[in-house]
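**Student:** Pasting the sequence and the predicted model now:
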Amino acid sequence: MNFMDENDEAFKFPLQLDNVIMPTDGDGPQSMFGNVFLEMVEDLRLAYQEGSRAKYEHCCTRSDILLEYVWEQFYIGHWKDVPLAWRKVYSQISCIKASSQYFLLKENFKEINFNEEQKNRIFKKQLKKILRSCDMGLLMGYSLPNSVLPQFASYIHNIYSTLFHVANFSSNINRENDVEHKQKKTKLIDNESIETVYCPSLEYFQTVIMKNGQPVLMKNCIDKWPALCERRWTVDYIRRKAGCRLVPIEIGSKYTDDSWSQKLMRIDEFIQQYILKDTEEKGYLAQYQLFDQIEDLRKDIIVPDYCSISSEDCDVNIDINAWFGPANTVSPLHRDEKENLFCQVFGQKYFKLIDPTYSDKLHIHSDHLLQTTSQIDVENVDLGRFPDFHRIPYKEVVVEAGDVLYIPPMYWHFVKSLSTSFSVTFWWENSPMK
(Lines give C-alpha, C1' and ligand atoms only; values in the text may rest on other atoms or scores of the structure.)
Protein backbone atom coordinates (compact mmCIF):
# COMPACT_ATOMS: atom_id res chain seq x y z
CA MET A 1 0.00 0.00 0.00
CA ASN A 2 1.39 3.37 -1.00
CA PHE A 3 0.28 6.06 1.42
CA MET A 4 0.73 8.71 -1.25
CA ASP A 5 -1.36 6.90 -3.88
CA GLU A 6 -3.82 9.41 -5.30
CA ASN A 7 -6.25 6.62 -6.23
CA ASP A 8 -6.57 5.06 -2.80
CA GLU A 9 -9.98 4.32 -1.31
CA ALA A 10 -9.73 7.02 1.35
CA PHE A 11 -10.18 9.70 -1.29
CA LYS A 12 -13.77 8.56 -1.56
CA PHE A 13 -14.40 9.28 2.11
CA PRO A 14 -15.50 12.95 1.73
CA LEU A 15 -17.93 11.90 -0.99
CA GLN A 16 -19.54 9.41 1.40
CA LEU A 17 -20.35 12.23 3.81
CA ASP A 18 -23.38 12.97 1.62
CA ASN A 19 -24.92 9.88 3.20
CA VAL A 20 -24.69 11.19 6.76
CA ILE A 21 -25.79 14.80 6.38
CA MET A 22 -28.40 15.67 8.97
CA PRO A 23 -31.86 17.02 8.19
CA THR A 24 -32.09 20.71 8.92
CA ASP A 25 -35.77 20.83 9.80
CA GLY A 26 -37.30 20.22 13.21
CA ASP A 27 -35.97 21.06 16.66
CA GLY A 28 -32.91 20.08 18.63
CA PRO A 29 -29.32 19.35 17.57
CA GLN A 30 -30.18 18.43 13.99
CA SER A 31 -31.79 21.80 13.40
CA MET A 32 -28.96 23.57 15.22
CA PHE A 33 -26.12 21.78 13.45
CA GLY A 34 -27.59 20.75 10.10
CA ASN A 35 -26.55 23.84 8.17
CA VAL A 36 -23.20 23.98 9.96
CA PHE A 37 -22.50 20.40 8.94
CA LEU A 38 -23.39 21.17 5.32
CA GLU A 39 -20.96 24.10 5.39
CA MET A 40 -18.21 21.90 6.83
CA VAL A 41 -18.73 19.24 4.16
CA GLU A 42 -18.50 21.93 1.49
CA ASP A 43 -15.34 23.36 3.11
CA LEU A 44 -13.81 19.90 3.06
CA ARG A 45 -14.67 19.46 -0.61
CA LEU A 46 -13.05 22.77 -1.48
CA ALA A 47 -9.97 21.87 0.52
CA TYR A 48 -9.75 18.59 -1.37
CA GLN A 49 -10.20 20.24 -4.79
CA GLU A 50 -7.63 22.94 -4.04
CA GLY A 51 -5.24 20.79 -2.00
CA SER A 52 -5.37 23.54 0.61
CA ARG A 53 -3.58 22.86 3.89
CA ALA A 54 -5.10 26.01 5.38
CA LYS A 55 -8.65 24.86 4.63
CA TYR A 56 -7.97 21.41 6.10
CA GLU A 57 -6.58 23.04 9.23
CA HIS A 58 -9.68 25.22 9.43
CA CYS A 59 -11.91 22.13 9.18
CA CYS A 60 -9.95 20.45 11.99
CA THR A 61 -10.18 23.50 14.24
CA ARG A 62 -13.88 23.98 13.61
CA SER A 63 -14.53 20.29 14.28
CA ASP A 64 -12.71 20.46 17.61
CA ILE A 65 -14.79 23.44 18.74
CA LEU A 66 -18.06 21.74 17.84
CA LEU A 67 -17.05 18.40 19.37
CA GLU A 68 -16.19 20.12 22.63
CA TYR A 69 -19.62 21.77 22.67
CA VAL A 70 -21.41 18.47 22.03
CA TRP A 71 -19.26 16.77 24.68
CA GLU A 72 -20.56 19.27 27.23
CA GLN A 73 -24.13 18.31 26.31
CA PHE A 74 -23.33 14.67 27.09
CA TYR A 75 -22.66 15.50 30.73
CA ILE A 76 -25.62 17.71 31.53
CA GLY A 77 -27.41 14.65 32.94
CA HIS A 78 -27.00 10.87 32.98
CA TRP A 79 -25.46 9.21 29.94
CA LYS A 80 -28.51 6.98 29.48
CA ASP A 81 -30.65 10.10 29.06
CA VAL A 82 -28.51 11.71 26.34
CA PRO A 83 -30.70 12.14 23.23
CA LEU A 84 -29.53 10.04 20.30
CA ALA A 85 -29.58 13.18 18.19
CA TRP A 86 -26.61 14.56 20.13
CA ARG A 87 -24.69 11.31 19.69
CA LYS A 88 -25.39 11.35 15.95
CA VAL A 89 -24.07 14.90 15.75
CA TYR A 90 -20.90 13.78 17.54
CA SER A 91 -20.35 10.96 15.04
CA GLN A 92 -20.99 13.19 12.06
CA ILE A 93 -18.55 15.86 13.18
CA SER A 94 -16.01 13.13 13.94
CA CYS A 95 -16.30 12.10 10.27
CA ILE A 96 -15.33 15.60 9.23
CA LYS A 97 -12.45 15.75 11.69
CA ALA A 98 -10.97 12.36 10.76
CA SER A 99 -11.22 13.11 7.04
CA SER A 100 -9.64 16.55 7.47
CA GLN A 101 -6.78 15.11 9.53
CA TYR A 102 -6.10 12.46 6.92
CA PHE A 103 -5.95 14.82 3.95
CA LEU A 104 -3.95 17.39 5.91
CA LEU A 105 -1.36 14.70 6.57
CA LYS A 106 -1.17 13.88 2.86
CA GLU A 107 -0.80 17.56 1.91
CA ASN A 108 1.93 18.07 4.51
CA PHE A 109 3.99 15.30 2.96
CA LYS A 110 3.56 16.79 -0.50
CA GLU A 111 4.74 20.24 0.51
CA ILE A 112 7.35 19.57 3.20
CA ASN A 113 10.55 17.59 2.83
CA PHE A 114 11.12 15.08 5.61
CA ASN A 115 13.89 12.58 6.10
CA GLU A 116 12.87 8.95 6.66
CA GLU A 117 13.14 9.11 10.46
CA GLN A 118 11.00 12.26 10.65
CA LYS A 119 8.49 10.77 8.24
CA ASN A 120 8.07 7.58 10.28
CA ARG A 121 7.72 9.48 13.53
CA ILE A 122 5.09 11.86 12.12
CA PHE A 123 3.22 9.09 10.31
CA LYS A 124 2.87 7.07 13.49
CA LYS A 125 1.73 10.01 15.57
CA GLN A 126 -0.74 11.39 13.05
CA LEU A 127 -2.27 8.05 12.03
CA LYS A 128 -2.95 7.33 15.71
CA LYS A 129 -4.63 10.74 16.01
CA ILE A 130 -6.86 9.99 13.03
CA LEU A 131 -7.81 6.62 14.53
CA ARG A 132 -8.61 8.29 17.83
CA SER A 133 -10.98 10.70 16.07
CA CYS A 134 -12.72 7.77 14.36
CA ASP A 135 -12.95 5.73 17.54
CA MET A 136 -14.26 8.60 19.66
CA GLY A 137 -16.98 9.06 17.06
CA LEU A 138 -17.79 5.35 17.27
CA LEU A 139 -17.58 5.07 21.06
CA MET A 140 -19.42 8.23 22.05
CA GLY A 141 -21.51 8.73 18.95
CA TYR A 142 -24.15 6.69 17.17
CA SER A 143 -23.94 4.42 14.15
CA LEU A 144 -24.15 6.21 10.81
CA PRO A 145 -25.36 4.95 7.42
CA ASN A 146 -23.04 2.78 5.31
CA SER A 147 -20.59 2.13 8.18
CA VAL A 148 -18.59 5.20 7.16
CA LEU A 149 -16.50 5.51 10.33
CA PRO A 150 -15.74 1.78 10.87
CA GLN A 151 -14.64 1.44 7.24
CA PHE A 152 -12.41 4.49 7.35
CA ALA A 153 -10.89 3.46 10.70
CA SER A 154 -10.10 0.00 9.31
CA TYR A 155 -8.47 1.58 6.28
CA ILE A 156 -6.28 3.84 8.43
CA HIS A 157 -5.30 0.98 10.74
CA ASN A 158 -4.33 -1.14 7.73
CA ILE A 159 -2.08 1.69 6.54
CA TYR A 160 -0.46 1.78 9.97
CA SER A 161 0.03 -1.98 10.11
CA THR A 162 1.50 -2.05 6.60
CA LEU A 163 3.93 0.81 7.11
CA PHE A 164 5.01 -0.13 10.61
CA HIS A 165 5.62 -3.83 11.14
CA VAL A 166 4.18 -5.05 14.43
CA ALA A 167 6.64 -7.45 16.05
CA ASN A 168 5.34 -10.58 17.75
CA PHE A 169 5.82 -10.57 21.49
CA SER A 170 3.54 -13.27 22.87
CA SER A 171 5.10 -16.52 21.68
CA ASN A 172 5.31 -17.82 25.22
CA ILE A 173 1.83 -16.81 26.36
CA ASN A 174 -0.03 -19.87 25.08
CA ARG A 175 2.59 -22.39 26.27
CA GLU A 176 2.66 -20.91 29.76
CA ASN A 177 -1.13 -20.75 29.86
CA ASP A 178 -1.50 -24.40 28.80
CA VAL A 179 0.71 -25.65 31.64
CA GLU A 180 -1.01 -23.45 34.22
CA HIS A 181 -4.45 -24.38 32.89
CA LYS A 182 -3.85 -28.14 33.14
CA GLN A 183 -2.75 -27.74 36.75
CA LYS A 184 -5.83 -25.67 37.62
CA LYS A 185 -8.35 -27.82 35.79
CA THR A 186 -7.60 -30.95 37.86
CA LYS A 187 -8.27 -28.97 41.04
CA LEU A 188 -11.45 -27.21 39.91
CA ILE A 189 -13.79 -29.87 38.60
CA ASP A 190 -15.02 -31.69 41.70
CA ASN A 191 -18.80 -31.27 41.39
CA GLU A 192 -21.43 -32.20 38.82
CA SER A 193 -20.20 -31.39 35.33
CA ILE A 194 -22.58 -30.40 32.56
CA GLU A 195 -23.74 -32.35 29.51
CA THR A 196 -21.55 -32.26 26.40
CA VAL A 197 -22.95 -32.60 22.87
CA TYR A 198 -21.29 -32.45 19.45
CA CYS A 199 -22.62 -29.95 16.89
CA PRO A 200 -26.33 -30.52 17.62
CA SER A 201 -28.88 -29.94 14.86
CA LEU A 202 -31.11 -26.88 15.04
CA GLU A 203 -34.06 -29.13 15.83
CA TYR A 204 -32.25 -30.85 18.69
CA PHE A 205 -31.03 -27.54 20.05
CA GLN A 206 -34.57 -26.12 20.07
CA THR A 207 -36.60 -29.15 21.14
CA VAL A 208 -34.18 -30.67 23.63
CA ILE A 209 -31.47 -28.28 24.80
CA MET A 210 -33.51 -25.07 24.98
CA LYS A 211 -36.60 -26.90 26.20
CA ASN A 212 -34.70 -28.52 29.09
CA GLY A 213 -33.44 -25.14 30.24
CA GLN A 214 -30.06 -26.44 31.42
CA PRO A 215 -26.55 -25.37 30.36
CA VAL A 216 -24.89 -27.55 27.74
CA LEU A 217 -21.32 -27.59 26.42
CA MET A 218 -21.33 -27.84 22.62
CA LYS A 219 -18.33 -29.02 20.60
CA ASN A 220 -17.44 -28.60 16.90
CA CYS A 221 -19.96 -25.79 16.37
CA ILE A 222 -17.60 -22.93 15.47
CA ASP A 223 -14.71 -24.84 13.91
CA LYS A 224 -15.20 -23.03 10.60
CA TRP A 225 -14.80 -19.57 12.06
CA PRO A 226 -11.81 -17.88 10.37
CA ALA A 227 -10.78 -16.86 13.90
CA LEU A 228 -10.22 -20.56 14.63
CA CYS A 229 -8.66 -21.69 11.36
CA GLU A 230 -7.27 -19.67 8.44
CA ARG A 231 -6.98 -16.44 10.46
CA ARG A 232 -6.44 -18.03 13.84
CA TRP A 233 -6.62 -15.46 16.60
CA THR A 234 -3.76 -14.90 19.00
CA VAL A 235 -2.76 -11.93 21.11
CA ASP A 236 -0.40 -10.91 18.31
CA TYR A 237 -3.14 -11.17 15.68
CA ILE A 238 -5.47 -8.94 17.72
CA ARG A 239 -2.67 -6.44 18.10
CA ARG A 240 -1.91 -6.42 14.36
CA LYS A 241 -5.55 -5.98 13.38
CA ALA A 242 -6.62 -3.58 16.12
CA GLY A 243 -3.64 -2.51 18.23
CA CYS A 244 -4.14 1.23 17.73
CA ARG A 245 -7.90 1.15 18.27
CA LEU A 246 -9.39 2.84 21.31
CA VAL A 247 -11.62 0.70 23.56
CA PRO A 248 -13.14 0.87 27.08
CA ILE A 249 -11.20 -1.22 29.61
CA GLU A 250 -12.58 -2.28 32.98
CA ILE A 251 -10.02 -1.77 35.75
CA GLY A 252 -10.33 -3.84 38.92
CA SER A 253 -10.90 -7.41 40.06
CA LYS A 254 -14.65 -7.36 39.42
CA TYR A 255 -17.37 -4.84 38.68
CA THR A 256 -18.91 -5.17 42.15
CA ASP A 257 -15.80 -3.76 43.87
CA ASP A 258 -15.82 -0.16 45.08
CA SER A 259 -12.46 0.40 43.38
CA TRP A 260 -13.74 -0.75 39.98
CA SER A 261 -13.46 1.81 37.16
CA GLN A 262 -13.24 2.15 33.40
CA LYS A 263 -10.88 4.00 31.10
CA LEU A 264 -10.27 4.32 27.37
CA MET A 265 -7.06 2.69 26.15
CA ARG A 266 -5.54 1.60 22.88
CA ILE A 267 -5.60 -2.17 22.57
CA ASP A 268 -1.81 -2.38 22.29
CA GLU A 269 -1.47 -0.39 25.53
CA PHE A 270 -3.95 -2.72 27.20
CA ILE A 271 -1.98 -5.76 26.04
CA GLN A 272 1.33 -4.31 27.19
CA GLN A 273 0.02 -3.24 30.59
CA TYR A 274 -2.39 -5.99 31.58
CA ILE A 275 -1.69 -9.10 29.50
CA LEU A 276 2.09 -9.20 29.10
CA LYS A 277 2.65 -8.09 32.69
CA ASP A 278 1.46 -10.15 35.65
CA THR A 279 0.06 -7.28 37.71
CA GLU A 280 -2.15 -7.38 40.78
CA GLU A 281 -4.50 -4.83 39.20
CA LYS A 282 -6.55 -6.45 36.44
CA GLY A 283 -7.68 -4.92 33.17
CA TYR A 284 -10.47 -6.46 31.11
CA LEU A 285 -12.15 -5.67 27.80
CA ALA A 286 -15.53 -6.99 28.92
CA GLN A 287 -19.03 -7.13 27.45
CA TYR A 288 -18.16 -4.73 24.67
CA GLN A 289 -19.59 -4.56 21.14
CA LEU A 290 -16.12 -4.57 19.62
CA PHE A 291 -17.25 -5.94 16.26
CA ASP A 292 -19.46 -2.93 15.54
CA GLN A 293 -16.31 -0.84 15.84
CA ILE A 294 -13.67 -3.04 14.20
CA GLU A 295 -14.84 -4.61 10.94
CA ASP A 296 -11.64 -6.60 10.35
CA LEU A 297 -12.36 -8.67 13.46
CA ARG A 298 -16.08 -9.00 12.66
CA LYS A 299 -15.13 -10.78 9.42
CA ASP A 300 -13.45 -13.53 11.44
CA ILE A 301 -16.53 -14.71 13.34
CA ILE A 302 -19.87 -16.15 12.21
CA VAL A 303 -23.17 -15.83 14.05
CA PRO A 304 -24.25 -19.39 15.00
CA ASP A 305 -27.47 -20.53 13.34
CA TYR A 306 -28.84 -21.40 16.78
CA CYS A 307 -29.30 -17.68 17.41
CA SER A 308 -32.09 -17.62 14.80
CA ILE A 309 -34.36 -19.71 17.03
CA SER A 310 -37.01 -17.63 18.75
CA SER A 311 -40.75 -17.50 19.23
CA GLU A 312 -42.97 -16.04 16.51
CA ASP A 313 -43.77 -13.09 18.76
CA CYS A 314 -40.14 -12.09 19.17
CA ASP A 315 -37.91 -10.29 16.66
CA VAL A 316 -34.39 -11.71 16.60
CA ASN A 317 -31.93 -8.99 17.58
CA ILE A 318 -28.55 -10.44 18.44
CA ASP A 319 -26.17 -8.68 20.81
CA ILE A 320 -22.56 -9.66 20.05
CA ASN A 321 -20.03 -8.89 22.76
CA ALA A 322 -16.28 -9.41 23.10
CA TRP A 323 -14.40 -10.45 26.26
CA PHE A 324 -10.60 -10.18 26.13
CA GLY A 325 -8.24 -10.25 29.05
CA PRO A 326 -5.50 -11.94 31.09
CA ALA A 327 -5.76 -14.88 33.45
CA ASN A 328 -7.79 -14.41 36.65
CA THR A 329 -10.31 -11.90 35.35
CA VAL A 330 -13.64 -12.53 37.06
CA SER A 331 -17.32 -12.01 36.31
CA PRO A 332 -19.14 -12.31 39.67
CA LEU A 333 -22.10 -14.66 40.13
CA HIS A 334 -24.84 -13.13 37.98
CA ARG A 335 -27.62 -13.94 35.53
CA ASP A 336 -28.62 -12.64 32.10
CA GLU A 337 -32.17 -12.24 30.84
CA LYS A 338 -31.44 -13.48 27.31
CA GLU A 339 -30.40 -16.71 25.65
CA ASN A 340 -26.60 -16.89 25.71
CA LEU A 341 -24.10 -18.71 23.53
CA PHE A 342 -20.65 -18.27 25.05
CA CYS A 343 -18.00 -19.00 22.38
CA GLN A 344 -14.35 -19.42 23.35
CA VAL A 345 -11.87 -18.33 20.67
CA PHE A 346 -8.63 -18.87 22.57
CA GLY A 347 -7.67 -19.54 26.16
CA GLN A 348 -9.79 -21.22 28.85
CA LYS A 349 -12.48 -20.10 31.29
CA TYR A 350 -13.99 -21.75 34.33
CA PHE A 351 -17.76 -21.59 34.95
CA LYS A 352 -19.76 -22.31 38.08
CA LEU A 353 -23.49 -22.46 37.25
CA ILE A 354 -26.51 -22.47 39.56
CA ASP A 355 -30.12 -23.20 38.63
CA PRO A 356 -32.56 -20.23 38.80
CA THR A 357 -34.73 -22.18 41.27
CA TYR A 358 -32.17 -21.24 43.94
CA SER A 359 -32.37 -17.50 43.22
CA ASP A 360 -33.95 -16.72 46.60
CA LYS A 361 -30.85 -18.11 48.32
CA LEU A 362 -28.33 -16.07 46.34
CA HIS A 363 -28.81 -12.67 48.03
CA ILE A 364 -29.25 -10.39 45.02
CA HIS A 365 -27.89 -6.86 45.31
CA SER A 366 -30.50 -4.25 46.21
CA ASP A 367 -28.81 -1.62 44.01
CA HIS A 368 -30.82 -1.46 40.77
CA LEU A 369 -27.58 -1.34 38.76
CA LEU A 370 -26.61 -4.73 40.22
CA GLN A 371 -30.02 -6.36 40.40
CA THR A 372 -28.86 -9.30 38.26
CA THR A 373 -25.80 -9.95 40.46
CA SER A 374 -25.41 -11.93 43.69
CA GLN A 375 -23.74 -10.42 46.75
CA ILE A 376 -21.88 -13.70 47.35
CA ASP A 377 -18.18 -13.77 46.50
CA VAL A 378 -17.96 -17.29 45.10
CA GLU A 379 -14.19 -17.52 45.63
CA ASN A 380 -14.25 -16.24 49.20
CA VAL A 381 -17.67 -16.94 50.68
CA ASP A 382 -18.52 -15.07 53.88
CA LEU A 383 -20.07 -17.96 55.80
CA GLY A 384 -21.19 -15.60 58.52
CA ARG A 385 -23.47 -13.76 56.07
CA PHE A 386 -24.22 -16.65 53.71
CA PRO A 387 -24.04 -19.88 55.78
CA ASP A 388 -26.20 -21.91 53.37
CA PHE A 389 -24.33 -21.20 50.14
CA HIS A 390 -22.29 -24.42 50.22
CA ARG A 391 -25.50 -26.43 50.37
CA ILE A 392 -26.68 -25.08 47.02
CA PRO A 393 -26.00 -27.58 44.19
CA TYR A 394 -24.05 -26.29 41.23
CA LYS A 395 -22.51 -27.38 37.97
CA GLU A 396 -19.08 -26.47 36.69
CA VAL A 397 -17.17 -26.68 33.46
CA VAL A 398 -13.97 -25.43 31.85
CA VAL A 399 -14.61 -23.96 28.40
CA GLU A 400 -11.76 -24.53 25.95
CA ALA A 401 -10.85 -22.87 22.66
CA GLY A 402 -13.50 -23.82 20.08
CA ASP A 403 -16.16 -24.67 22.69
CA VAL A 404 -19.62 -23.13 22.87
CA LEU A 405 -21.43 -23.02 26.20
CA TYR A 406 -25.20 -22.60 26.07
CA ILE A 407 -26.48 -20.69 29.13
CA PRO A 408 -30.29 -20.45 29.43
CA PRO A 409 -31.91 -17.15 30.43
CA MET A 410 -31.73 -16.33 34.15
CA TYR A 411 -29.27 -19.18 34.84
CA TRP A 412 -26.72 -18.01 37.41
CA HIS A 413 -23.06 -18.20 36.43
CA PHE A 414 -19.69 -17.22 37.85
CA VAL A 415 -16.81 -16.96 35.34
CA LYS A 416 -13.05 -16.88 35.83
CA SER A 417 -10.39 -16.94 33.14
CA LEU A 418 -7.70 -19.57 33.63
CA SER A 419 -5.42 -18.02 31.02
CA THR A 420 -5.20 -15.13 28.62
CA SER A 421 -8.39 -15.57 26.64
CA PHE A 422 -10.78 -14.14 24.08
CA SER A 423 -14.49 -14.98 24.16
CA VAL A 424 -17.48 -13.92 22.09
CA THR A 425 -21.04 -14.01 23.40
CA PHE A 426 -24.28 -13.98 21.41
CA TRP A 427 -27.38 -12.88 23.33
CA TRP A 428 -30.89 -13.01 21.90
CA GLU A 429 -34.48 -13.16 23.10
CA ASN A 430 -36.46 -16.36 22.63
CA SER A 431 -39.65 -14.86 24.03
CA PRO A 432 -40.80 -11.25 24.49
CA MET A 433 -39.29 -9.63 27.59
CA LYS A 434 -41.76 -9.03 30.38
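**Tutor:** The structure has been received and is ready for your questions. Numbering: from 1, shown residues only.
**Student:** Quick check: phi and psi on Asp135?
**Tutor:** phi -70, psi -40 (degrees, to the nearest 10).
**Student:** Across the sheet, point out what pairs with the closest residue to it other than its chain neighbours.
**Tutor:** Once flanking residues are discounted, Asp135 sits nearest to Leu246: 3.8 Å by C-beta to C-beta, 6 or more residues apart in numbering. Every C-beta, even on glycine, is put in place using the N, C-alpha and C of the backbone. For Leu246, the beta-bridge partners are Arg266 (DSSP bridges).
**Student:** Can you check which helix is longest in the protein?
**Tutor:** As assigned by DSSP state H, the longest helix anywhere in the chain is helix 84-111.
**Student:** What's the mean pLDDT across that helix?
**Tutor:** Averaged across helix 84-111, the pLDDT comes to 87.
**Student:** One more: stretch 261-280?
**Tutor:** Mean predicted confidence for stretch 261-280 is 93.
**Student:** Report the buried residues of it.
**Tutor:** Met265, Arg266, Ile267, Asp268, Glu269, Phe270, Ile271, Tyr274, Ile275, Leu276 (16 or more other C-beta atoms under 10 Å).
**Student:** go on, stretch 317-326?
**Tutor:** For stretch 317-326, using 16+ other C-beta under 10 Å, the buried residues are Ile318, Ile320, Asn321, Ala322, Trp323, Phe324, Gly325, Pro326.
**Student:** try stretch 379-390
**Tutor:** Phe386, Phe389.
**Student:** Give the residue spans of the stretch 1-150 of the chain that score low on pLDDT.
**Tutor:** For the stretch 1-150 of the chain, the stretches with pLDDT under 70 are 1-32, 34, 111-114.
**Student:** quick one on the thing from earlier: can you flag which of the buried residues of stretch 261-280 belong to helices?
**Tutor:** Ile267, Asp268, Glu269, Phe270.
**Student:** The first one contacts Val247, doesn't it?
**Tutor:** It stands for Ile267. Yes. With contact defined as C-beta atoms under 8 Å, Ile267 reaches Val247; the gap is 5.9 Å.
**Student:** Overlap of the contact sets of these two?
**Tutor:** Here Ile267 and Val247 have Leu285 as joint contacts, going by C-beta atoms under 8 Å, 6 or more residues apart in numbering.
**Student:** same for the helix or strand hosting Thr162, what does it pack against?
**Tutor:** When elements are assigned from DSSP states H and E, Thr162 belongs to helix 148-163. Judged by 3 or more C-beta pairs under 8 Å, 6 or more residues apart in numbering; DSSP states H and E, helix 148-163 is in contact with helix 13-16, helix 84-111, helix 116-140, helix 235-242, helix 290-293, helix 295-298.
**Student:** can those go into a markdown table with extra columns for distance to Gly402 and mean neighbour count?
**Tutor:** A markdown table is the format used below for these (distance: least, C-beta to C-beta, whole Å; neighbours: other C-beta atoms under 10 Å):
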| stretch | distance to Gly402 | mean neighbour count |
| --- | --- | --- |
| helix 13-16 | 38 | 18 |
| helix 84-111 | 36 | 22 |
| helix 116-140 | 30 | 18 |
| helix 235-242 | 16 | 22 |
| helix 290-293 | 19 | 19 |
| helix 295-298 | 17 | 18 |
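**Student:** a markdown table please, covering those helices and showing distance to Leu44.
**Tutor:** Shown next, in a markdown table, are those (distance: least, C-beta to C-beta, whole Å):
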| stretch | distance to Leu44 |
| --- | --- |
| helix 13-16 | 5 |
| helix 84-111 | 6 |
| helix 116-140 | 14 |
| helix 235-242 | 27 |
| helix 290-293 | 23 |
| helix 295-298 | 23 |
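**Student:** Out of the ones you listed, flag the one nearest His413.
**Tutor:** His413 lies closest, by C-beta to C-beta, to one member of the helices and strands packed on helix 148-163: helix 290-293, at 21.2 Å.
**Student:** and the closest one, what does it pack onto?
**Tutor:** helix 116-140, helix 148-163, helix 295-298, strand 319-325.
**Student:** What is the nearest of the buried residues of stretch 317-326 to Arg240?
**Tutor:** Among the buried residues of stretch 317-326, and counting by C-beta to C-beta, the member closest to Arg240 is Phe324, at 14.4 Å.
**Student:** which residues touch the closest one?
**Tutor:** Contacts of Phe324 (C-beta under 8 Å, 6+ apart): Ile238, Tyr284, Leu285, Leu290, Ser421, Phe422, Ser423.
**Student:** Could you list which of those residues belong to helices?
**Tutor:** Using DSSP H, the members of the contacts of Phe324 that fall in helices are Ile238, Leu290.
**Student:** ranking the contacts of Phe324 by neighbours, who comes first?
**Tutor:** Using other C-beta atoms under 10 Å as the neighbour criterion, Ile238 leads the contacts of Phe324 with 27 neighbours.
**Student:** Look up how far Leu139 lies from that residue.
**Tutor:** Separation of Ile238 from Leu139 (C-beta to C-beta, to the nearest Å) stands at 18 Å.
**Student:** pLDDT weak spots in the stretch 201-350 of the chain?
**Tutor:** The stretch 201-350 of the chain contains residues with pLDDT under 70 at 311-315.
**Student:** now do 90
**Tutor:** For the stretch 201-350 of the chain, the stretches with pLDDT under 90 are 252-261, 277-281, 310-317.
**Student:** Tell me where it has strands.
**Tutor:** 216-219, 246-251, 261-266, 283-288, 319-325, 330-334, 339-346, 349-354 (DSSP state E, counting those that start in this stretch).
**Student:** Which among those is found nearest to Glu203?
**Tutor:** Closest among the strands of the stretch 201-350 of the chain, using C-beta to C-beta: strand 216-219, at 14.4 Å.
**Student:** Excluding covalently adjacent residues, which one is nearest to the residue most central in space within the chain?
**Tutor:** What sits nearest the mean C-alpha location of the chain, by C-alpha atoms, centre = their mean, is Leu290, with 2.4 Å. Nearest non-adjacent residue to Leu290, counting by C-beta to C-beta, 6+ apart: Ala322, 3.8 Å away.
**Student:** residues contacting the one you found?
**Tutor:** By C-beta under 8 Å, 6+ apart, Ala322 lies in contact with Leu285, Tyr288, Gln289, Leu290, Phe291, Leu297, Phe422, Ser423, Val424.
**Student:** and what of Gly252?
**Tutor:** The contact partners of Gly252, taken as C-beta under 8 Å, 6+ apart, are Ser259, Trp260, Ser261, Glu281, Lys282.
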